[in-house]
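**Q** Here is my input, please return the structure:
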Amino acid sequence: MQTNVEKTPREIVEELNKFIVGQFEAKKAVALALRTRWRRLRLSDEQRAEVYPKNILMIGPTGVGKTEIARRLAKLTDAPFVKVEASKFTEVGYVGRDVESMIRDLVEVAINQMRSRRQEEVHSDAEAQVEERLLNLLLPAPQPGYATLHEVEAHSGGSSAPAMQSTREKLRGMLREGQLEDREIEVEIPERTMMVQGFVPGVGMEEIQSSLQEMLDKMVPPRKRRQTMRIREARPHLLQEELDRMVDDDSLVEHALQWVEESGIIFLDEMDKIISNGQGSGPDVSREGVQRDILPVVEGSTVKTKYGFVNTDHILFIGAGAFYGTSPSDLIPELQGRFPIRVELDSLGKEEFVLILKEPENSLTKQYKALLETEGVQVEFDDSAIEEMAGMAAEINEKTDNIGARRLHTILEKVLEDISFVCPETPGKRYTIDGNLVRERLSEIVQDQDLSRYIL
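**A** Numbering: from 1, shown residues only. As a prediction, this is how the structure comes out:
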């Protein structure tokens, strides 16, 4: 399945600029990787098989936008995307998640996305079917005990069918106008299947448990129970049943697997946490083992999932890590070679924090304004407040641990804490956040290094 995005690298960067401040080199790298995929899909089958993705390794401290770039890229491409932490994997033979589970997770995401897309296409047809089923429940067809059609017509005088149709159309009108939402009907809903539980996590155990659950579902036929509920409550159950019936699962899975192989993106975070310290004992053995296990998945292999086999040759991997006290060169050489494009992200300072608070479409100030507007309260942020919050975030990052833009979350929460607490009691009130208010709320905490370490 081809990606539906045909933007140029410049247009992709401009799109990312709407949500992420700075980091031009990282944006350019992912934009080129995306465009290369678009170019590959337009090659002949023979050439396409020989063009492999150029995996990217993003290096930079926490809170500078590594994860956000990858997440926005996936939304931009409408491609299957999963974010996994390399530190959660363990070497084969150790208790923990095996590295192939990230491919299984990606397949699940793709199938869910594909199912949602297919169900959206047939949604109107499903709603029409639900309406007919509700009418059948409201006005059941008569069940005469006559042997022949002639006897039925003689009994009814041939007039009941038009009358019944007229009644059905009246009910249809009332149903569409919402007049029957509280009418009770009896519907059949599926019973919940028994879940397989109690396994100790281990290598491959997730796949075994999933297979056992699938086998159990096939062995035990689906059972339904009759339940009386209002039409407003029954409609979602009936709609989901119709959507499931209209979507062909076999075709869906086939296209989803192809979609994963051609357009899947895996963001592999915390790659610096699987670097051994060189002592060659304890957990470091497992860390280097994780690198060896990740290597075949990244370089291209066939992974078995419960839906079928997935080839990882053309899945794009975006690695990331802070690499404090370590370097990408500390990874095993084979894995280094599988991430040929390396991008270093810049640390964020006061100027970047000011832009982050003001410019992006999803900026924190806009989010907080929208949240408080739901209580009927208007909040405006003065430029002096934004300057003050940005300066304090940069100062605290220098004095304590540097967590980048994530510091702005804690600062804004502290500044708006009292307003957020009383706003349900003061609908219609207007608040202006200025530099004086920010200093009043935060100055003591910022000056006390111990307090700022624990509170901010």
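
**Q** Do a quick rundown of the strands in the stretch 51-200 of the chain.
**A** For the stretch 51-200 of the chain, the strands defined by DSSP state E, counting those that start in this stretch cover 56-59, 81-85, 184-190.

**Q** list the buried ones in the second one?
**A** Pointing back at strand 81-85 there. Within strand 81-85, the residues that count as buried by 16 or more other Cβ atoms under 10 Å are Phe81, Val82, Lys83, Val84. Using the backbone N, CA and C atoms, a C-beta is placed for each residue, glycine as well.

**Q** pLDDT below threshold where in the stretch 51-200 of the chain?
**A** Residue ranges of the stretch 51-200 of the chain with pLDDT under 70: 90-97, 141-161, 191-200.

**Q** go with 90
**A** For the stretch 51-200 of the chain, the stretches with pLDDT under 90 are 51-54, 56, 58, 60-79, 83-101, 121-124, 126-128, 130-200.

**Q** ok, how many other residues are close to Thr77?
**A** 20 (other Cβ atoms under 10 Å).

**Q** Also Asp330?
**A** Applying other Cβ under 10 Å, we find 14 residues neighbouring Asp330.

**Q** The helix of greatest length in the chain packs against which elements?
**A** Counting by DSSP state H, the longest helix found in the chain is helix 101-121. On a contact count with 3 or more Cβ pairs under 8 Å, 6 or more residues apart in numbering; DSSP states H and E, helix 101-121 meets strand 81-85, helix 205-219, helix 249-263, strand 265-269, strand 302-305, strand 308-311.

**Q** Least reliable of those by average pLDDT, please.
**A** The stretch with the lowest mean pLDDT among these is helix 205-219, at a mean of 62.

**Q** would you put the C-alpha positions of the helix or strand containing Ala31 in CSV?
**A** Using DSSP states H and E, Ala31 falls within helix 24-40. Provided in CSV are the C-alpha atoms of helix 24-40 (Å, rounded to 0.1, in the frame of the first residue of the first chain):
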residue,chain,number,x,y,z
PHE,A,24,16.0,21.7,11.5
GLU,A,25,18.6,19.0,10.8
ALA,A,26,16.4,16.3,12.4
LYS,A,27,13.3,17.5,10.5
LYS,A,28,15.3,17.5,7.3
ALA,A,29,16.6,14.0,7.9
VAL,A,30,13.1,12.5,8.5
ALA,A,31,11.6,14.5,5.6
LEU,A,32,14.2,13.0,3.2
ALA,A,33,13.6,9.5,4.6
LEU,A,34,9.9,9.9,3.9
ARG,A,35,10.5,11.3,0.4
THR,A,36,12.8,8.4,-0.4
ARG,A,37,10.0,6.0,0.4
TRP,A,38,7.7,7.9,-2.0
ARG,A,39,10.4,7.6,-4.7
ARG,A,40,11.0,3.9,-4.0
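
**Q** Now tell me what touches that helix from outside.
**A** 3, 5-6, 8-10, 12-13, 16-17, 20, 48, 51, 53-54, 56, 58, 60, 65-66, 69-70, 73, 76-77, 263, 314, 316, 318, 341, 343-345 (Cβ atoms under 8 Å, 6 or more residues apart in numbering).

**Q** got the buried residues for that helix?
**A** For helix 24-40, the neighbour count (16+ other Cβ under 10 Å) marks 26-38, 40 as buried.

**Q** Next, the angle from that helix to helix 249-263.
**A** Orientation note: helix 24-40 sits at an angle of 120 degrees relative to helix 249-263 (axes from the mean of the first three to the mean of the last three Cα atoms, to 10 degrees).

**Q** what element comes up after helix 24-40 heading to the C-terminus?
**A** Sequence-wise, the next helix or strand downstream of helix 24-40 (DSSP H and E) is helix 45-48.

**Q** tell me which residues of that next one are tucked away?
**A** Using 16+ other Cβ under 10 Å, none of the residues of helix 45-48 count as buried.

**Q** same question, stretch 406-419
**A** Buried residues in stretch 406-419, counting neighbours by 16+ other Cβ under 10 Å, are found at Arg407, Leu408, Ile411, Leu412, Lys414, Val415, Leu416, Ile419.

**Q** Stretch 103-119 too?
**A** Applying 16+ other Cβ under 10 Å to stretch 103-119 flags 103-111, 113-115, 118-119 as buried.

**Q** partner residues bridging Ile265?
**A** In this entry, Ile265 is beta-bridged to Phe81, Leu316, by DSSP bridges.
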